[in-house]
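S.K.: Would you be able to build a 3D model of this:
(chains A and B)
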Amino acid sequence: MNELESKRNRRRVGLKVARAFLITAASAIFWLILWFLTSTFLAGFPNYLTLFTVLAGGFLFFTFTIALAEGTIYKYILMITRAFFLIVYLTHATNGGILTINLENLAFTVEFVPLLALMVFINLLDVARRLLQAIEFASQSPKD
Amino acid sequence: MRLTVKALGWIIILLWIIALALPLSVAFSLLKLAEGKNLGIQEPSFTFFNGNVSINMPMYVNNTGLYDISEVNVKINIKEAKTVIMALSKSLPDIPAGQVVKANCTFTANLKEIFQKAPTLLTEDADLNVNAALHFRMAYTIAFNITQSFSTRWGAPFHNLTVSNVVYNAAAQITSFFVSFSNHAFFSLDNPLTVELYNSHNEMVGAASLALKVPSGEAFQEPVEVAVNPSKMTETVFIRLFFAELKIFDGRFSL
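M.R.: Here you go, the predicted structure:
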């Protein structure tokens, strides 16, 4: 009986991991397409490769772990972490909403602090939503 | 709770659409503004009056973009070596979407203030560093700042200023000499030149005013006669030249 249950459990975990891999692979294809689309005209942007790699890598990690944590409260915790990751990333990558590109003796600065504030606000709203979902999930499944 | 979560989800989607569509539409507006003849600056004109120099640049903007353009500001900083000799700023009116706005961008600077900061500019040609910045905000949200640095040649109004052939005529109680220079400046010189003579004890022995009318790019050479007080005259005299109350020459001469 125990052996049968552990076999079932192993199969369930295997399926979960396979599903997480498939979702992450699909996600990776999306990021790859995005890279091809954006790299041509954003290649001159300072640290573009590093910033894109961090964003894509971070999102792929969260996609995999969230898919893996499906059906548990950890899914919501990871989603909240992802929202905070995005807040930190956006603030750091955009240099607090002020970007400067230097071209020989010409400097081009774009300042979009209100837009960055809106993006941070959206992520905070997402945190609130995930918290509510986590509370709802915990109230429905006392085992977790 | 489920309804709240759902509502929050929709709000988040809506806000993301706004947050992503706004920069894209602003970029589209900028491209529309940059194409064709939607932006133009006519040839600047320079005027020199009463010790002030004015630069006037008529310009027009045809805002074919989707958003209003606000906070339009032009700043010009001119440096000689590390000294800021001129800081000019001009705010232009807002440009509503779909409208053509014509404006005059006029900068006025006081030459006396400039030469007080960098007196050598009166007599020596120099390379000036110009830093021009254009600032504007689109959709009242995204601001752009374009800064360009370049150097420009400054032509001195009293280039190669020389005082020569200083002669004292004791009988006529007059000291005469020649003043020569080339006006390398972009403006003509119309202000008078004050000439002061001092003896070796630093006492003023005579003064005169020399009317100037030297167009840009032309040379000047004129004899100057200064009536002097013979009782105070010494064998050595100091000739000092002043322009707009600024000392531009101080030379020691033996008679």
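S.K.: Strands of chain A, residue ranges please.
M.R.: Taking DSSP state E as the test, the strands found in chain A are A:98-103, A:106-111.
S.K.: Return the set of buried residues in the longest helix seen in chain B.
M.R.: Determined from DSSP state H, the single longest helix within chain B is helix B:2-34. For helix B:2-34, the neighbour count (16 or more other Cβ atoms under 10 Å in any protein chain shown) marks B:Val5, B:Leu8, B:Ile12, B:Leu15, B:Leu22, B:Pro23, B:Val26, B:Ser29, B:Leu30, B:Leu33 as buried. For glycine as for every other residue, the C-beta is placed from the backbone atoms N, C-alpha and C.
S.K.: Pull up the pairing partners for whichever helix or strand comes after that helix, direction included.
M.R.: Going down the chain from helix B:2-34, the next helix or strand is strand B:39-41, by DSSP states H and E. With DSSP bridges as the test, strand B:39-41 is paired with strand B:52-62 (antiparallel).
S.K.: related to what we said a few turns ago, so what does the longest helix of chain B touch, helix or strand wise?
M.R.: helix A:113-140, strand B:126-138, strand B:142-154 (3 or more Cβ pairs under 8 Å, 6 or more residues apart in numbering or on different chains; DSSP states H and E).
S.K.: Figure out which of the ones you listed is closest to B:Thr162.
M.R.: strand B:126-138 (19.0 Å; Cβ to Cβ).
S.K.: Tally up the residues packed near B:Met86, please.
M.R.: By other Cβ atoms under 10 Å in any protein chain shown, 20 other residues sit near B:Met86.
S.K.: Contacts only, for the residue positioned nearest the centre of chain A.
M.R.: Closest to where the C-alpha atoms of chain A average out (Cα atoms, centre = their mean) is A:Phe59, at 3.3 Å. Residues in contact with A:Phe59 (Cβ atoms under 8 Å, 6 or more residues apart in numbering or on different chains) are A:Ser27, A:Trp31, A:Arg82.
S.K.: So which bits of chain A are right by chain B?
M.R.: A:105-112, A:114-115, A:118-119, A:121-122, A:125-126, A:128-129, A:132-133, A:135-136 (Cβ under 8 Å from any Cβ of the partner chain).
S.K.: Counting by contacts, list what the top helix by length along chain A packs against.
M.R.: The residue-count maximum for a helix in chain A (DSSP H) belongs to helix A:2-42. Secondary-structure packing of helix A:2-42 (3+ Cβ pairs under 8 Å, 6+ apart): helix A:48-68.
S.K.: quick one on the thing from earlier: separation between the residue nearest to the centre of chain A and A:Arg82?
M.R.: In this structure, A:Phe59 and A:Arg82 are 8 Å apart, going by Cβ to Cβ, to the nearest Å.
S.K.: can you check B:Arg137 too?
M.R.: 32 Å.
S.K.: just to revisit the earlier point, could you check the angle the longest helix of chain B makes with strand A:106-111?
M.R.: Helix B:2-34 runs at 150 degrees relative to strand A:106-111, counting by axes from the mean of the first three to the mean of the last three Cα atoms, to 10 degrees.
S.K.: Centre of the chain to helix B:2-34, how far?
M.R.: Helix B:2-34 has its average C-alpha position 44 Å from the chain's average C-alpha position, going by Cα atoms, centre = their mean, to the nearest Å.
S.K.: Tell me what angle it forms with strand B:142-154.
M.R.: Going by the same axes, to 10 degrees, helix B:2-34 makes 30 degrees with strand B:142-154.
S.K.: Show the average pLDDT along helix B:2-34.
M.R.: Here helix B:2-34 scores 92 as its mean pLDDT.
S.K.: Get me the contact residues on chain B for chain A.
M.R.: Residues of chain B lying near chain A by Cβ under 8 Å from any Cβ: B:1-2, B:4-5, B:8-9, B:11-12, B:15-16, B:18-19, B:22-23, B:141-150.
S.K.: So what's the residue count around the closest residue to A:Thr94 other than its chain neighbours?
M.R.: Leaving aside its sequence neighbours, A:Thr94 sits nearest to A:Leu116 (Cβ to Cβ, 6 or more residues apart in numbering or on different chains; 5.8 Å). Around A:Leu116 there are 19 other residues, counting by other Cβ under 10 Å.
S.K.: I figured A:Leu116 was touching A:Leu90, is that so?
M.R.: Yes - A:Leu116 is within contact range of A:Leu90, at 6.3 Å (criterion: Cβ atoms under 8 Å).
S.K.: The lowest-mean-pLDDT helix or strand in chain A pairs with which strands, and in what direction?
M.R.: The weakest-scoring helix or strand in chain A, judged by mean pLDDT, DSSP states H and E, is strand A:98-103 (a mean of 86). With DSSP bridges as the test, strand A:98-103 is paired with strand A:106-111 (antiparallel).
S.K.: Can you check what angle separates the partner strand from strand B:126-138?
M.R.: Using the same axes, to 10 degrees, the inter-axis angle of strand A:106-111 relative to strand B:126-138 is 30 degrees.
S.K.: mean confidence score for strand A:106-111?
M.R.: Here the average pLDDT along strand A:106-111 is 91.
S.K.: do stretch A:32-52 as well
M.R.: Stretch A:32-52 shows a mean pLDDT of 85 in the predicted model.
S.K.: I'm done for today, thanks for sticking with me.
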